[in-house]
Structure formats: structure tokens, C-alpha cells
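Visitor: A structural model of the following input is requested.
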Amino acid sequence: QVQLVESGGGLVQAGGSLRLSCAGSGQTFSFYTMGWFRQAPGKEREFVASTVGRNGAHTYYADFAEGRFTASRDNAGNTAYLQMNSLTPEDTAVYYCASSPGARYDKGYDYWGQGTQVTVSS
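Guide: Numbering: from 1, shown residues only. As a prediction, the model looks like this:
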């Protein structure tokens, strides 16, 4: 059974940084696409970033994340990361990690974590 557990969320001032972690179990981590999504209050869930391909060889970002966020993974440690810099209040949301052996970079994920709250104050 695949399980994903996010951590690292919290309250940060605008311009600050946070690093989210996603610990996975029950999967061959290196074979899975690992994605990050977020959902702000009253809005639909949206794609943030993902690492795709064997050992996460390719990385994709939403336009708003490009240049500010960095997705990475430690296959040996079964953990994915999302480093978020230059945060703004518009980044306030619940952030989710997701995985799948066959997902496209932005959809088709089979497994989801419980989410971690990120709040950016102005």
C-alpha cells in the first residue's frame, strides 16, 4: 500500500522560504512520477511541480512556480522535496504531494498525501 506523508508547511512572511517534504512508502520510489499540487480556499486544486521519469530525470513547473520553486527527490530516502522561495500571500494553500507509476507530469496521479498547510503573511 502506497502512503505519502507531507511535512514542512507553516506560517512564513512574504519573501520567505519553506521546504516541503513528502515521505513515501510502499512504492518503488525511483520508478514513480512525483508531483506537487496546491489548493487555496475557494479554488480548485492546481499543479505546482513534478519530477518525472526514472529517478526523476525531468522536472516540470507551473508558470507561477518557475524560478521560485524547486522540486527534487531522494530516491534512496524515498522522499520528495519542494523548495519554495520568494513566497507571496498568493502562495497560501494546502500543498499536496502525489505519486503514480504512470502519471503525466500534471495529471493522472493515483496516490495522494494528506496535505500540509502553507500560509504566507503580508
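Visitor: which SSE is the residue sitting nearest the centre point of the chain in?
Guide: Taking CA atoms, centre = their mean, the centroid of the chain lies closest to W36, which sits 2.6 Å from it. Per DSSP states H and E, W36 falls inside strand 33-39.
Visitor: what's the answer for R73, then?
Guide: With DSSP H and E as the test, R73 turns up in strand 69-74.
Visitor: Quick check: which ranges of the protein have low pLDDT?
Guide: Residues of the chain meeting the criterion pLDDT under 70: none.
Visitor: do that again at 80, thanks
Guide: Counting by pLDDT under 80, the ranges of the chain that qualify are 27-30, 53-57.
Visitor: List the residues that contact R68.
Guide: R68 makes contacts with M84, N85, S86, L87, as judged by CB atoms under 8 Å, 6 or more residues apart in numbering. Glycine gets a C-beta too; all of them are placed from N, C-alpha and C.
Visitor: Counting neighbours, what do you get for the closest residue to the second one other than its chain neighbours?
Guide: Excluding its sequence neighbours, the residue lying closest to N85 (CB to CB, 6 or more residues apart in numbering) is S17, at 4.7 Å. Using other CB atoms under 10 Å as the criterion, S17 is surrounded by 11 other residues.
Visitor: Ok, T116 next?
Guide: 22.
Visitor: Distance of it relative to V2?
Guide: Using CB to CB, to the nearest Å, T116 is found at 18 Å from V2.
Visitor: Same check on A62?
Guide: 24 Å.
Visitor: sorry, back to before: compute the distance between the residue nearest to N85 and F69, please.
Guide: Distance from S17 to F69, by CB to CB: 10 Å.
Visitor: Quickly list what's touching both of these two.
Guide: With CB under 8 Å, 6+ apart, S17 and F69 have common neighbours Q83, M84, N85.
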